[in-house]
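# dropping the sequence and predicted coords here.
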Amino acid sequence: MSIRAACAEVKRLHRHLPLVVGGLFASSVYVGGELVGVGIASLPKARMSCDGFTVEITRIATSGQRNACSKLYGALLRASSAVGYRRAITFTRLDEPGASLRAAGFADDGITHDQSWSRPSRVRAEHKSQVRRWSKTLGGGKV
């Protein structure tokens, strides 16, 4: 699936974050010929995670179909490993349980610091947030 097509589906399916900017590659899951979910992998947003070996799964959006999230995580992780990434990261809201992430082998890295996205070099509206960070080592290698 193209990034453009995946972004359009995220806009339609995602509960609270419809906008996705860019991506490296995307995957989709179908049931009975019907598109029930998409996932997008990107370069990490955090500068310190941009090491050339880390991919960030920036969005998973489904219609609620059973196991669709786990299938998308699995597909994106296999694709990431196949092109040489050694680690995958993703983030969830604090009220999301992360069952699909655990099923896909992600480890809970804990809660991020309560910080703003605004920086002196790129001022943004002041909005602080905390999220849960998840990570997974790919391809059996060490990061």
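Yep, it's here. None of the values given here were measured: they were computed from a predicted structure.
# in the helix or strand hosting Leu72, what counts as buried?
Assessed by DSSP states H and E, Leu72 sits inside helix 68-82. For helix 68-82, the neighbour count (16 or more other CB atoms under 10 Å) marks 68-77, 79-81 as buried. The way it works is simple: take the backbone N, C-alpha and C, and place the C-beta from them, glycine included.
# could you do stretch 93-108 as well?
Counting neighbours by 16+ other CB under 10 Å, stretch 93-108 gives 100-101, 104, 106 as buried.
# where exactly do the helices run in this structure?
3-13, 68-82, 99-103 (DSSP state H).
# which secondary structure elements does the shortest one contact?
Secondary-structure packing of helix 99-103 (3 or more CB pairs under 8 Å, 6 or more residues apart in numbering; DSSP states H and E): helix 68-82.
# and of the buried residues of stretch 93-108, the nearest to Pro44?
Phe106 (14.9 Å; CB to CB).
# setting aside sequence neighbours, what's the nearest residue to that closest one?
Excluding its sequence neighbours, the residue lying closest to Phe106 (CB to CB, 6 or more residues apart in numbering) is Trp134, at 4.1 Å.
# any idea how far the one you found lies from Lys11?
24 Å (CB to CB, to the nearest Å).
# the two: who's more crowded?
A count of neighbours by other CB atoms under 10 Å puts Trp134 above the other of Trp134 and Lys11, at 22 against 13.
# ok so, going back, can you give the distance of the helix holding Leu72 from its chain's centre?
10 Å (CA atoms, centre = their mean, to the nearest Å).
# got the CA positions of it in CSV?
Provided in CSV are the C-alpha atoms of helix 68-82 (Å, rounded to 0.1, in the frame of the first residue of the first chain):
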residue,chain,number,x,y,z
ALA,A,68,-5.9,-6.6,12.8
CYS,A,69,-3.5,-4.5,14.9
SER,A,70,-1.3,-7.5,15.6
LYS,A,71,-1.2,-8.5,12.0
LEU,A,72,-0.2,-4.9,11.0
TYR,A,73,2.5,-4.7,13.6
GLY,A,74,3.9,-8.1,12.5
ALA,A,75,3.9,-7.1,8.8
LEU,A,76,5.6,-3.7,9.5
LEU,A,77,8.2,-5.4,11.8
ARG,A,78,9.1,-8.0,9.2
ALA,A,79,9.4,-5.4,6.5
SER,A,80,11.6,-3.2,8.8
SER,A,81,13.9,-6.1,9.6
ALA,A,82,14.1,-7.1,5.9
